[in-house]
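[1] What follows is a predicted structure for the sequence shown.
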2 protein chains.
Amino acid sequence: MTRIALAGIGKIARDQHVPHIAANPDFELVAAVTGHRPPEGVPGFRTVAEMMRAVPDVQAISICTPPRGRLALVEQAVAHGLDVMIEKPPAATLSEAQAIVRAVAGAGRVLHVTWHSREAAAVEPARAWLAGRNIRRVEVNWKEDVRVWHPGQAWIWEPGIGVFDPGINALSVITRILPRPLLMETAELRFPSNRDAPIAARLSFDSGGVPVAVEFDFDQRGPQSWDIDVETDDGHLQLSMGASKMAVDGVAQDVGDEAEYARLYRRFAECLSTRASDADLTPFAHVADAYLLGRRVEVGPFEE
Amino acid sequence: MTRIALAGIGKIARDQHVPHIAANPDFELVAAVTGHRPPEGVPGFRTVAEMMRAVPDVQAISICTPPRGRLALVEQAVAHGLDVMIEKPPAATLSEAQAIVRAVAGAGRVLHVTWHSREAAAVEPARAWLAGRNIRRVEVNWKEDVRVWHPGQAWIWEPGIGVFDPGINALSVITRILPRPLLMETAELRFPSNRDAPIAARLSFDSGGVPVAVEFDFDQRGPQSWDIDVETDDGHLQLSMGASKMAVDGVAQDVGDEAEYARLYRRFAECLSTRASDADLTPFAHVADAYLLGRRVEVGPFEE
């Protein structure tokens, strides 16, 4: 049983982290670091240092604060001997994410950089199914309505975020299921004339000779889609509903329905028991690459 | 004596690599991989495989091709047992640069990711001078006229390049001389209305509590400047002329005048003799971060 604290008590912490920690017998939620209201029945503190004075036997911390400024929080946590789990995206910049990895490793603690979509039920079955097959092409369509999923949220339009907030989930899945690394060839980013982040993006990659076409859209009315299609010499794989469902040649496969965050805390428990970090920054590097290589197209203003 | 080949025979290869290889007794230039004219007296081949059939005792390759597509070249080189040196920037994307590092390490060969400005004469003296001092603030002004230094060159305006072609040199120097890692706080990128890359940039970093203000300008008429100023509790350090000159409180310091590319090949020879790679991607990560976090400002069209 690991005595764990949560830092950053916002929507994702309340909706996912609190209930899944409660449901996992390997963890007990004992404190929160937050400037707002802590979860019910859990004491809240402004800083890691205050928390450790009051609740000195905390062993790990799960960080759900906004990406900016996490390095300082991680440095304080490891200085108090805590192991660390961090919600995606790991930081505001790749350099800060790399500094977080170095800081935790340097302190001899365990770090789990999480990608919740990688824990979707169909991801491991898809990876295994693809492992023995010759892939011809991959198509990703990740299209949702920002007004529905992030109503009135200003942070979503900060530089570096926009449609890459959901898009990085798709990137975290394809970088897990495809057998060869992805190399970005082109990127087009569509910026609303009144925003600092893209509302849509088109990326093309090469993965060991296989073309991978990616479409992200944050302005999708009507049906939403979180789909990945993979055509092979031996059948067509479709992942849908954010990789929670899988079909082969149109036939649904049974992949179970364990929740992403349940698997994510299960994975953190494994990291803690083996004392091995899981800190892959690849999906974030692809986002940075998209901004680096991306040709910018201005589109009409975004109004909620 | 290492029998070395050059790949990519453009201006930088002819101006710097060919003469400095010739002047270094540790290397002998024995072949070139190029679609154009090889250096005088050296056989040229279209591919690494063709070269190795004709000149099988090549031991290393120095790559000066444009950044895009280098991974394939590096994979061919290490498959033939070659050690590798690559001109900055290492690749078109960070993911490709990381793949290059993995490919060379996986093959058990030596990789030198070069940053020529880090070999400027004042860099090591500046690093040593700063090591014992309390730094208060850092200011970087890297301003030159693209019309003078890259006349008529279309590649300089490809996405991801622009003023970061010289700017990455400044980043390579400050990431070497400052004792603490840099965290980007803000970035502003000024894009000409008719180009896909910025002509100017303003970056602000925090380096262990020290503010670092960076100005890049590719539209600098009149005097050009490649200056780094560091204010400490114990004197003011100025690096000028691309870190080839150093002054303390206005007094010039003797740092010698060995050429950057002479030191760069000396460093590669050290890597080869110790069989240790030198493959720091930090300056490139800061460029990707600048695009990720950068607010874009449109400025007037660029005309040569």
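    Received, thanks.

[2] Every contact and neighbour count from this point should use C-alpha atoms.
    Noted.

[3] Excluding chain neighbours, give the residue nearest to A:Ser95 in space.
    Leaving aside its sequence neighbours, A:Ser95 sits nearest to B:Ala285 (CA to CA, 6 or more residues apart in numbering or on different chains; 6.2 Å).

[4] my bad, A:His17
    Nearest one to A:His17, counting by CA to CA, 6+ apart, is A:Tyr261 at 7.0 Å.

[5] Next up, identify which helix or strand the one you found is on.
    helix A:260-274 (DSSP states H and E).

[6] now that helix, how far from the centre of its chain.
    With CA atoms, centre = their mean, to the nearest Å as the basis, the distance from the averaged C-alpha position of helix A:260-274 to the chain average is 15 Å.

[7] Check which helices and strands that helix sits against.
    Where contact means 3 or more CA pairs under 8 Å, 6 or more residues apart in numbering or on different chains; DSSP states H and E, helix A:260-274 is packed against helix A:18-23.

[8] How about exporting the helix it packs on as PDB, limited to the C-alpha atoms?
    The C-alpha atoms that make up helix A:18-23 are tabulated as PDB, following Å, rounded to 0.1, in the frame of the first residue of the first chain:
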ATOM      1  CA  VAL A  18      -9.600  10.500  -6.900                       C
ATOM      2  CA  PRO A  19     -12.000   7.600  -7.800                       C
ATOM      3  CA  HIS A  20      -9.400   5.400  -9.300                       C
ATOM      4  CA  ILE A  21      -7.000   5.800  -6.400                       C
ATOM      5  CA  ALA A  22      -9.900   5.000  -4.100                       C
ATOM      6  CA  ALA A  23     -10.600   1.800  -6.200                       C
END
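
[9] Which residues of chain A lie near chain B?
    Residues of chain A that fall close to chain B, judged by CA under 8 Å from any CA of the partner chain: A:92-96, A:99, A:159-160, A:181-184, A:196, A:282, A:285-289, A:291-296.

[10] Let's see the pLDDT reported for the residue nearest to A:His17.
    Confidence per residue is given as pLDDT, and for A:Tyr261 that number is 98.

[11] Tell me who's in contact with it.
    A:Tyr261 sits next to A:16-17, A:20, A:116, A:119 when contact means CA atoms under 8 Å, 6 or more residues apart in numbering or on different chains.

[12] how much space between it and A:His20?
    Taking CA to CA, to the nearest Å as the measure, A:Tyr261 and A:His20 are separated by 6 Å.

[13] before we move on, back to that, just the ones of the residues of chain A next to chain B in strands?
    Within the residues of chain A next to chain B, membership in strands is found for A:183-184, A:295-296, as judged by DSSP state E.

[14] And those, which two are furthest apart?
    When these are compared pair by pair using CA to CA, the two farthest from each other are A:Leu183 and A:Arg296, 19.5 Å apart.

[15] Look at the two and report which has more neighbours.
    Comparing A:Leu183 with A:Arg296 by neighbour count (other CA atoms under 10 Å in any protein chain shown), the higher total belongs to A:Leu183, at 25 against 17.

[16] Which parts of chain A belong to which domain?
    For chain A, the structural domains run A:2-113, A:121-256+A:287-299, going by automatic domain parsing.

[17] check contacts around the residue lying closest to A:Ala200 once chain neighbours are set aside.
    If you skip the residues right next to it in sequence, A:Ala200 has A:Asp217 as its closest partner in space, 4.3 Å away by CA to CA, 6+ apart. A:Asp217 makes contact with A:142-145, A:163, A:199-201 under the criterion CA under 8 Å, 6+ apart.

[18] Repeat that for A:Ile161.
    With contacts defined as CA under 8 Å, 6+ apart, the neighbours of A:Ile161 are A:197-198.

[19] what do you get for A:Asn141?
    With CA under 8 Å, 6+ apart, A:Asn141 has these contacts: A:214-216, A:225-228.

[20] go with 10 Å
    Listed by CA atoms under 10 Å, 6 or more residues apart in numbering or on different chains, the contact set of A:Asn141 reads A:167, A:170, A:202, A:213-217, A:224-229, A:240.

[21] In ChimeraX, how would I select the buried members of those residues?
    To isolate in ChimeraX the members of the contacts of A:Asn141 that are buried, counting by 16 or more other CA atoms under 10 Å in any protein chain shown, one can use:
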select /A:167,170,202,213,214,215,216,217,224,225,226,227,228,229,240
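
[22] Restricted to helices, list the contacts of A:Asn141.
    Secondary structure defined by DSSP state H assigns A:167, A:170 of the contacts of A:Asn141 to helices.

[23] coming back round to it: how about a markdown table for the domains of chain A, with mean pLDDT added?
    Supplementary listing: the domains of chain A in a markdown table, determined by pLDDT from 0 to 100:
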| stretch | mean pLDDT |
| --- | --- |
| domain A:2-113 | 97 |
| domain A:121-256+A:287-299 | 96 |
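
[24] Figure out which of the ones you listed is closest to B:Pro38.
    Distance to B:Pro38, taken as CA to CA, is lowest for domain A:121-256+A:287-299 among these, at 28.6 Å.

[25] Straight-line length of stretch A:79-95, end to end?
    Stretch A:79-95 has its terminal residues 20 Å apart, counting by CA to CA.

[26] If we go by neighbour counts, what in that stretch is buried?
    Of the residues in stretch A:79-95, A:80-95 count as buried by neighbour count, 16+ other CA under 10 Å.

[27] Let me know the distance separating the residue nearest to A:Ala200 from A:Gly160.
    From A:Asp217 to A:Gly160 the distance is 15 Å (CA to CA).

[28] Ramachandran angles for the nearest residue to A:Gln76 once chain neighbours are set aside?
    Excluding its sequence neighbours, the residue lying closest to A:Gln76 (CA to CA, 6+ apart) is A:Val48, at 6.6 Å. Torsion angles at A:Val48 (phi, psi; degrees, to the nearest 10) stand at phi -60, psi -40.

[29] Give the bridge partners for the residue nearest to A:Ala200, please.
    As for beta bridges, A:Asp217 partners with A:Lys143, A:Ala200 under DSSP bridges.

[30] Could you measure from it over to B:Arg263?
    Spatial separation of A:Asp217 from B:Arg263 under the definition CA to CA is 49 Å.

[31] ok so, going back, tell me the one of the contacts of A:Asp217 nearest A:Ser244?
    Sorting the contacts of A:Asp217 by how near they are to A:Ser244, with CA to CA, puts A:Trp142 at the top with 13.6 Å.

[32] Now that the closest one has come up, it's in contact with A:Leu203, right?
    No. The pair A:Trp142 and A:Leu203 fails to qualify as a contact (CA atoms under 10 Å) at a distance of 11.8 Å.
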